[in-house]
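Enquirer: Generate coordinates for the sequence data below:
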Amino acid sequence: MLESVQRRWTKRIEGMSLLDYGTRLRNLNLFSVSGRLLRADMLYCWKIFHGKCAVSPADLFVVSPCGGTRGHRFKVNHVRAQTDVRKRSFAVRCIKHWNRLPDSVVGEQNLSTFKRLLADALGDKLFDFV
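Expert: Residues are numbered from 1 along each chain as shown. Purely as a prediction, here's the structure:
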């Protein structure tokens, strides 16, 4: 429902009515609703792993042991979820996207720089919609 509201209002902007929704989002530099959720999840993961919030990584995730050559130093083991509620929980839905980010992005110490690098790393995923 939220996506339909955003779709309707971006159409009302002058010169945007003839463009498709994805092009309107890119031209206006707006993220889709699912893109905003993905970005918020990645920001919260970054805050957890960099100690910027009260939650410890061990409280939510099974952190991979260091020593592998793939991925980054904050890699998380994938947990198998059997119920739909668990599949949609924060600790499960963000693992795949978090582990795919490069080390140069997740290792960034500055939040504003991380946001910029995250937008570059995620690219079109931020504008994708269902």
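Enquirer: Could you pull up the mean pLDDT of the longest helix belonging to the chain?
Expert: With DSSP state H applied, the helix covering the greatest number of residues in the chain is identified as helix 33-49. Averaging pLDDT along helix 33-49 yields 95.
Enquirer: what's downstream of that helix, the next helix or strand?
Expert: helix 57-60 (DSSP states H and E).
Enquirer: give me phi/psi at residue 63?
Expert: When quoted as degrees, to the nearest 10, the phi and psi of residue 63 stand at phi -70, psi 130.
Enquirer: Count the residues that sit near it.
Expert: 15 (other Cβ atoms under 10 Å). Every residue, glycine included, has its C-beta placed from N, CA and C.
Enquirer: Show me which residues of the longest helix of the chain are buried.
Expert: Neighbour-count burial for helix 33-49 flags 33, 34, 35, 38, 39, 41, 42, 44, 45, 46, 48, 49 (criterion: 16 or more other Cβ atoms under 10 Å).
Enquirer: Just the closest of those to residue 87, please.
Expert: For the buried residues of helix 33-49, the residue nearest residue 87 by Cβ to Cβ is residue 41; the value is 13.9 Å.
Enquirer: Name the nearest of the buried residues of helix 33-49 relative to residue 25.
Expert: Using Cβ to Cβ, those come closest to residue 25 at residue 35, 8.2 Å.
Enquirer: so the closest one makes contact with residue 124?
Expert: No. The pair residue 35 and residue 124 fails to qualify as a contact (Cβ atoms under 8 Å) at a distance of 9.0 Å.
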